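**Q** Turn this into a structure:
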Amino acid sequence: MTETDSLLRERLQAVDSADSAQGLLDSVEALAELANPGAVDTLIKVLGYNNPGAAVAAVDGLIKIGAPAASALLTQIDGYNYGARAWALRVLSGIGDPRGLDLILETAVEDFSLSVRRAAASGLGSIQWEKLPTDERHQGQARATQTLLGVVKDTEWIVRYGAVVGLQGVATAAAKEDLVNLHAPIVNGLQERIEKDDTLAVQARAQWALSQIQPPI
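**A** This next block holds a predicted model:
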């Protein structure tokens, strides 16, 4: 057994044997710090515990691990444990794995939790589009744009803020591929937030996003 394997095993055992909320938090933070794919199953299990601090640490660790964590989450998301599902969506949004696109799109529109909708909306701007074939990539970017242009009118300002972040990310990716058809609707959507949104933070974020978006060449 290598030193890395030994350390992973030690920290996995620490999570399993934690006997207090603080002990669990400390052990999960230590495990997450390793960013080791061997920790994925345990970190996913932590998402279902009634310990928000530990869940945040698990989310951070899973995002650091990346694709292996996304693969596991897409097969293990518990539709009956809302808390675990919400944390899982945060991970998928943070990783940006395109395999989670359908779920992220659905969540951005339909989830009853404003914080989860926000995470999904902003996460659409971080999708790793390059991992998709060209046709699927363009179709996915069009779907993301259409979804975000609806979400940017959400009744909750933090969700609208997340949608602005998402629109900036999609526009940046689309510009690299000369997708002119997506540029104008995104610009119009951001301009509308600048002119009509009743929250200064959203207005300012939309203004900044607009200043960063370059038209397709």
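**Q** How about the most centrally placed residue in the chain: what's its closest non-neighbour residue?
**A** The centroid of the chain falls nearest to residue 93 when counting by CA atoms, centre = their mean (1.5 Å). Nearest residue to residue 93, sequence neighbours excluded (CB to CB, 6 or more residues apart in numbering): residue 123, at 2.4 Å. Glycine gets a C-beta too; all of them are placed from N, C-alpha and C.
**Q** Need the CA coordinates for the helix or strand where the one you found lies. CSV is fine.
**A** Assigned by DSSP states H and E, residue 123 falls within helix 114-123. As requested, the backbone C-alpha atoms of helix 114-123 are provided in CSV (Å, rounded to 0.1, in the frame of the first residue of the first chain):
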residue,chain,number,x,y,z
LEU,A,114,-34.0,29.5,-5.1
SER,A,115,-30.4,28.7,-4.1
VAL,A,116,-30.5,25.5,-6.2
ARG,A,117,-32.0,27.4,-9.2
ARG,A,118,-29.3,30.0,-8.8
ALA,A,119,-26.5,27.3,-8.8
ALA,A,120,-28.0,25.6,-11.8
ALA,A,121,-28.4,28.8,-13.7
SER,A,122,-24.8,30.0,-13.1
GLY,A,123,-23.5,26.5,-13.7
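**Q** If you count neighbours, what's buried in it?
**A** Within helix 114-123, the residues that count as buried by 16 or more other CB atoms under 10 Å are 116, 117, 118, 119, 120, 121, 122, 123.
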